[in-house]
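Novice: Would you be able to build a 3D model of this:
(one chain, ligands or ions: 1)
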Amino acid sequence: MFSCRNVLILLGPPGSGKGTQSAKLSEVLSIPAISTGEILRRECQSGSDLGRTVQAIITAGQLVSDDLMNRVIVSRMLEEDCRTGCILDGYPRTVSQAHFLDDLLNGRGIPEPTVIDFAVSMKEIVARLSRRRQCSACGRIFTAPLGGDPVRCDFDGSILSQRPDDHPKAIRARLELYRQNARDLHRYYSRRDYHRIDAARSTDEVLDEVMMILQRGARRPVQKIETALTATAAY
Ligand code: AMP
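Specialist: Next up, the predicted model:
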């Protein structure tokens, strides 16, 4: 069985379902899901100087500096609830962050992370992101129906909104950046406890596969990354 002392990393393009899966895995494994995007968005909402700087970067679809992200992740992983392990959603995003994380885990005697890489075609990603809506209160993610917008959250009735970086221009920038970094991260992790899965399936199917991987605890052959990364983008 997956040891809760382990760190589980979810890699994959924006909109590949990492957020949805990390919330479900967090419940099943009883370890916290850490979304660096959510941490940054909270900083933006706080209205701090840092938040304003970060907001401009996020809205432009660019990446926040490695140095800042590394400091954010250290302080979050040192919190008590991460004592038995955690799920990382959105970190590492660059090889430099991956190196930093390895040093952090090695230095604390934590086993090497299990990496799940979510594969979805770029065409599917653009379609998903443009319909993604988030609850302003609980953060739950919804998909807007094709005919119109669901305006309120099913759980708490709060207004749903579209993230400022889910608009076409920012989506293009984020996917381009993702493409550049994904190859390097794939190379970095592919000989390790790395599993690339088809994430274009239902939430339950993807969750089942992730759980099977964790329970098996064995390394699967690495599949080719090229298909998803070179798929003709529909934008
Ligand atoms: P996400 O919610 O994971 O899509 O992240 C939203 C935005 O936050 C990204 O487009 C980046 O601007 C920023 N961000 C989140 N995580 C990182 C990271 N590990 N490194 C750099 N920027 C990040």
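Novice: The ligand versus the nearest residue to Ala137 once chain neighbours are set aside, what's the distance?
Specialist: Distances taken as CB to CB, 6 or more residues apart in numbering put Ser158 closest to Ala137, at 3.8 Å, once the chain neighbours are dropped. (Each C-beta comes from the backbone N, C-alpha and C, glycine too.) Relative to the ligand, Ser158 is positioned 19 Å away (CB to the nearest ligand atom, to the nearest Å).
Novice: Touching, Ser158 and Cys138? I think so.
Specialist: Yes - with contact defined as CB atoms under 8 Å, Ser158 counts as touching Cys138 (7.0 Å).
Novice: What segments of this structure are strands?
Specialist: Ranges of strands in the chain, per DSSP state E, are 7-11, 33-35, 86-89, 114-119, 132-135, 141-143, 160-161, 194-198.
Novice: I'd like to know which of those strands is closest to Val210.
Specialist: strand 114-119 (5.7 Å; CB to CB).
Novice: so where's the protein uncertain?
Specialist: 1-5, 147-150, 218-235 (pLDDT under 70).
Novice: residue in this protein nearest to the ligand?
Specialist: Closest residue of the chain to the ligand, CB to the nearest ligand atom: Gly37 (2.0 Å).
Novice: Could you find the closest non-adjacent residue to that residue?
Specialist: Per CB to CB, 6+ apart, closest to Gly37 is Gly90, 4.8 Å.
Novice: got a list of what the one you found touches?
Specialist: Leu10, Lys18, Ser35, Thr36, Gly37 (CB atoms under 8 Å, 6 or more residues apart in numbering).
Novice: Over to Ala137?
Specialist: By CB under 8 Å, 6+ apart, the residues touching Ala137 are Cys153, Asp156, Ser158.
Novice: and what of Ser22?
Specialist: Applying CB under 8 Å, 6+ apart to Ser22 gives the contacts Leu10, Ala33, Ser35, Ile87, Asp89.
Novice: follow-up on the earlier one: who's more crowded, Ser158 and Cys138?
Specialist: The neighbour comparison of Ser158 against Cys138 (other CB atoms under 10 Å) goes to Ser158, with 16 against 10.
Novice: mind listing what the more buried one touches?
Specialist: Cys135, Ser136, Ala137, Cys138, Arg152.
Novice: go again using 6 Å as the cut-off
Specialist: Applying CB atoms under 6 Å, 6 or more residues apart in numbering to Ser158 gives the contacts Cys135, Ser136, Ala137.
Novice: Would you mind putting the contacts of Gly90 into CSV with distance to Cys44 and neighbour count alongside?
Specialist: Formatted as CSV, the contacts of Gly90 follow (distance: CB to CB, whole Å; neighbours: other CB atoms under 10 Å):
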residue, distance to Cys44, neighbour count
Leu10, 22, 25
Lys18, 20, 27
Ser35, 14, 22
Thr36, 13, 20
Gly37, 10, 18
